[in-house]
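> Provide a 3D model corresponding to the input given below.
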Amino acid sequence: MDPAGVQALIRRLEAGKSVLAGVRPGLEAAIAEAGADWAGSGGVTAMHRAWAFFHDAQVDLRWRLEVLQQVVPDGSPPLTTVRVPFTSQEEAVSAGRQAGRELADALAAHLADGTAQSWARVEAGLTAAGNADTRDPAYAAALLAALDGPEAVRTIFTKWLDAHTASRGRGLAIGELDTAQESLGPLAVAFAAAETSGRLPAGWREDVLANAGPATLSAMVALTRASDEFLNAVAVRQLGSPGAGYSASFPEPDWNSVLVAGAYIGNADALQQLLAENRQVAGQLLDPDLIRGTGTAHFSDLVAAVLDGALDPNTGSAATRERAWINLIDGVGYDGTQNASGHFASFENSPVNGVLAKHITPYLGQLARGQVHAYSRELGLAPSGLWKGLHEDVAARFIGALMQDPDTAKKLQADFEAYVQSLDIGQAHPYSSDKAERAVYTRLSAEAGGLSNLLLGGSAYAEFNDDEFIDMVADAALLPVNYTFARVFRKATPLGSTAVDYHSSGPKDLLADVLKDHLDELTPETAGVVADRLVSAEVDAVQASLAKHGQDPLTVEDREMLMQAFRGRLSPALVKALEIRGG
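Numbering: from 1, shown residues only. Predicted coordinates:
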C-alpha cells in the first residue's frame, strides 16, 4: 500500500460521502412529495448503502495503514512484504478482546492466591497474546480494554520484574531483554501500538506515566518503539529521578537509564526535540553522577552515540537543533560547572566531547559574535535569534568542558583556525582609505577575536599543564593577528607562508615567555599588566613583519588603532584566563 495514495483515496471517499449526504435530504423530500406517484425502487435506501460502503471502506483503509505503520520494519525498502496478523479489523478486535479477558482472569486469580502456579498462568497469557498480534492497533486496544484499567498493566509489569530481576527496581539488565521480550513484550507492544495510533483508553497514558515505577517505564520503551511523546515523557521522569545514576541508596547498576538512553538509538528526532524543549534534561543527561555512575559498561559511549544522532545536521529542523544546542550549552556551562561537583567531571577524556565538538562547528559564528557583542556592543555585531540570550561566560565554560579531553582541545583549535580562514580573507584592508572597507575589516576581525575569547576562556578551565596552557593561549591570542596579516598581505594564503614567518619563532615565542614568567611568578605583574604586554607584543609583530616585507610602516595612529583593536578583542578574556590560572 502506498500511504500517500491511500490517504488520497480516503479523502475522495469522504468527498463522495459529502455529496451523498447533500443529495439525500432533497431526494427524501421529493419522494415524500410524490407519494403514491413515486414509481422507483430503493431510493434513499440505496444512497444509505452507498454512504455506508464509503464509510466502511475508509475505516478499513485507516486500520490497514495503522497496522502497516506498526509492523513494517524501520528502514524497509519501498516494496516490502510483511505478515499482517488479521484479515479485518473486526477479527482483530474479537481476538484482542478474547486475549485480554484471558489475561485479566489469570491476573485476578493470581492476585487472589499469589502462588507460583497462578503467576505462571499470567505469563502464559502474556506469551499467548503474541508480539506479532499485539502490533495490530485494533487488537491491542481491545486487549487493553479487557483489562481492569491501567493499574492492571502496572501490576503485571511490576510483578514480572520482581520475579525475573534482582535489581531492586533498577531495571532490566541487557542480558534479560530477550527473556522479557518473549513474555512481557506483547503487553509492552500492545500499549505502544494503542498509544501511537490514538486508540489507548482515555487516561491510561497519564496514569502510567505518573504512577508506574522507573523499571516499568524503562522496560516499556526498551521492549518496543514507543511514540516520541511517550518516550520523552519517560526520559524526563527517569533522568530527573533521585535514582538516576549512582547513589548510596541505589548501589545496583542503573539499567533504567541505560534502557531509556538506548531507546533513542534510531530515534534521533525524539532526542533532539527533548533537548530543545527541556533545558533541565539537557543538563541531567550529562550529569557526572549519571555519565560516570550508572555502574554499567560503556554508558558514556551510548550517550555519545545518541547525541551524535540528535545533533547531526541532517536530523530534525534547523530551529529545533539550535534550541537543543543552546539548552546543552546552558546545561553544561553554568557558573560552578568547573567545581568538583560540577559538570566538568563528565568531560574528562569522554567520548561525548568529540561528538559535541564535531557538531558545534556550524555555530562558531554565532558564538564568536556573542563574545564580540558582550565587549563591543557599539559594533552592532551580535548573534541572531535565540543565540542572543546565551551568556558569553556560559559559552566559554562550555568550550572549556569540551577541552577536558586533549584530542578534542586540539580539534577545537583547528576548527577555530579554519573558521578564521573562512572569513573571506582579502576583501578588506585595515588601512584602506574607504571607510566602508575599514568597517568590514573591523567587524570580521572582531569575529576572529570572538573565537579567540572562546578558546582563551576554555583554556582557563581545561585541565592543561602549564606548557599546554601556554601553547593554547599563545595560539588563541594570535588568531586576530593571523587574520590581520592575511589582510595586510593580500597575496598571502590564509594563515599561510607569511604567517609562518612569525608564528613559528616570532611573537608566539615572546608570548610564551611572558606567560611562563607570569605562571612561574617570576614577575610581580598582575594579569591585566601581562595581558597588555601580550597585546603590545602582537602589535610589534605586525610592525616588524610589515617592514620585513617592504610594506609601509605603521603610523602612530595605525599602531594605536591596532593596539586598541587587539586589546578590545583579547584583553578581557586574557585577563580572566590568567586570573583563573592563578595570577
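> Run through the neighbouring helices and strands of the helix or strand where residue 191 lies.
If you go by DSSP states H and E, residue 191 is part of helix 185-196. Here helix 185-196 touches helix 44-71, helix 116-129, helix 131-134, helix 137-145, helix 150-164, helix 204-211, helix 214-222, going by 3 or more Cβ pairs under 8 Å, 6 or more residues apart in numbering; DSSP states H and E. Bear in mind the C-beta positions are built from the backbone N, C-alpha and C, glycine included.
> what angle separates it from helix 137-145?
Per axes from the mean of the first three to the mean of the last three Cα atoms, to 10 degrees, the angle that helix 185-196 makes with helix 137-145 is 110 degrees.
> could I have helix 185-196 exported to CSV, CA atoms only?
Extracted as CSV, the C-alpha positions of helix 185-196 are listed here (Å, rounded to 0.1, in the frame of the first residue of the first chain):
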residue,chain,number,x,y,z
GLY,A,185,7.0,-7.9,25.4
PRO,A,186,3.4,-8.5,24.0
LEU,A,187,1.9,-6.2,26.6
ALA,A,188,4.5,-3.5,26.0
VAL,A,189,3.9,-3.8,22.3
ALA,A,190,0.2,-3.6,22.7
PHE,A,191,0.4,-0.5,24.9
ALA,A,192,2.7,1.2,22.3
ALA,A,193,0.5,0.2,19.4
ALA,A,194,-2.6,1.6,21.0
GLU,A,195,-0.9,4.7,22.2
THR,A,196,0.8,5.7,18.9
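> okay, the angle between it and helix 204-211?
Orientation check (the same axes, to 10 degrees): helix 185-196 against helix 204-211 gives 120 degrees.
> So for helix 185-196, what gets flagged as buried?
Buried residues in helix 185-196, defined by neighbour count with 16 or more other Cβ atoms under 10 Å: 185, 186, 187, 188, 189, 190, 191, 192, 193, 194, 195, 196.
> picking up where we left off before, among the helices and strands packed on helix 185-196, show the one with the smallest mean pLDDT.
Mean pLDDT values for these show the minimum at helix 131-134, a mean of 69.
> related to what we said a few turns ago, give me the distance from the helix holding residue 191 to the chain's centre.
How far helix 185-196 lies from its chain's middle: 25 Å, per Cα atoms, centre = their mean, to the nearest Å.
> So which of the buried residues of helix 185-196 is the closest to residue 233?
For those, the residue nearest residue 233 by Cβ to Cβ is residue 195; the value is 10.8 Å.
> In terms of pLDDT, where does the closest one sit?
Listed pLDDT for residue 195 reads 94.
> and it, how far is that from residue 144?
10 Å (Cβ to Cβ, to the nearest Å).
> Mind listing the shared neighbours of those two?
Jointly contacting residue 195 and residue 144 under the rule Cβ atoms under 8 Å, 6 or more residues apart in numbering are residue 204.
> and residue 92, what is it in contact with?
For residue 92, the contact set (Cβ under 8 Å, 6+ apart) comprises 63, 85, 86, 136, 138, 139, 142.
> For the fifth one, which non-adjacent residue is spatially closest?
Put plainly, it is residue 138. residue 92 (4.1 Å; Cβ to Cβ, 6 or more residues apart in numbering).
> Just want the angle from whatever helix or strand the one you found lives in to helix 116-129.
Taking DSSP H and E as the criterion, residue 92 maps to helix 89-113. Angular relation of helix 89-113 and helix 116-129 on a 0 to 180 degree scale: 170 degrees, by the same axes, to 10 degrees.
> now helix 89-113 against helix 44-71, angle please.
Using the same axes, to 10 degrees, the inter-axis angle of helix 89-113 relative to helix 44-71 is 60 degrees.
> ok, and for helix 89-113, which residues are buried?
Buried-residue list, helix 89-113, by 16+ other Cβ under 10 Å: 89, 92-93, 95-97, 99-100, 102-104, 106-107, 109-110.
> doesn't residue 87 fall inside a strand?
No: under DSSP: H, G, I helix; E, B strand; the rest coil, residue 87 sits outside any strand and is assigned coil.
> ok, how many other residues are close to it?
For residue 87, the neighbour count with other Cβ atoms under 10 Å is 8.
> For it, give its distance to residue 374.
Relative to residue 374, and taking Cβ to Cβ, residue 87 is found at 67 Å.
> just residue 159 next, same as before
In this view, residue 159 and residue 374 are 57 Å apart by Cβ to Cβ.
> Same check on residue 308?
Where residue 374 is concerned, residue 308 sits at a distance of 30 Å (Cβ to Cβ).
> Regarding residue 337, what are the backbone dihedral angles?
Main-chain torsions, residue 337, degrees, to the nearest 10: phi -60, psi -20.
> To clarify, my last question referred to residue 250.
Note on residue 250: its backbone torsions stand at phi -130, psi 80 [degrees, to the nearest 10].
> so residue 145 makes contact with residue 202?
No: Residue 145 lies out of contact with residue 202 (Cβ atoms under 8 Å); the separation is 10.9 Å.
> Quick check: residue 396 touching residue 458?
Yes: in this structure, residue 396 is within contact of residue 458 by Cβ under 8 Å, at 6.0 Å.
> thinking again about what came up before, comparing residue 145 and residue 202, which shows the higher neighbour count?
It is residue 145, of residue 145 and residue 202, that has more neighbours when counted by other Cβ under 10 Å, with 17 against 6.
> Distance-wise, check that one relative to residue 217.
22 Å.
> Tell me how many other residues surround residue 532.
If we define neighbours as other Cβ under 10 Å, then residue 532 has 17 of them.
> Is it located within a helix, as I assumed?
Yes: assigned with three-state DSSP, residue 532 falls within a helix.
> Output the lowest mean pLDDT helix or strand found in this structure.
Within the chain, no helix or strand scores below helix 497-503, which has a mean of 41 by mean pLDDT, DSSP states H and E.
> just to revisit the earlier point, and which of the contacts of residue 92 is nearest residue 358?
Taking those together and measuring to residue 358 by Cβ to Cβ, the closest member is residue 136, at 41.6 Å.
> My read is that the closest one contacts residue 65, right?
No: using Cβ under 8 Å, residue 136 makes no contact with residue 65, being 12.0 Å away.
> if you count what's nearby, which of the two comes out ahead?
Shown here are residue 136 and residue 65; by other Cβ under 10 Å, residue 136 has more neighbours (30 against 17).
> Which pLDDT does the model give residue 537?
Listed pLDDT for residue 537 reads 73.
> now residue 505
On pLDDT, residue 505 comes in at 49.
> Please tell me how far residue 338 sits from residue 403.
11 Å.
> Now do the shared contacts for those two.
Common contacts of residue 338 and residue 403, defined by Cβ under 8 Å, 6+ apart, comprise residue 461.
> These two: which is more packed in?
Using other Cβ under 10 Å as the criterion, residue 338 and residue 403 rank with residue 403 on top: 29 against 20.
> Next, the buried residues of stretch 273-286.
273, 274, 275, 276, 278, 279, 281, 282, 283, 284, 285, 286.
> The fourth one reaches residue 324, doesn't it?
Yes: under the criterion of Cβ under 8 Å, residue 276 lies in contact with residue 324, with a separation of 4.3 Å.
> circling back to that earlier point, now the helices and strands packed on helix 185-196 in CSV, with distance to residue 452?
Formatted as CSV, these follow (distance: least, Cβ to Cβ, whole Å):
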stretch, distance to residue 452
helix 44-71, 51
helix 116-129, 62
helix 131-134, 57
helix 137-145, 57
helix 150-164, 54
helix 204-211, 47
helix 214-222, 44
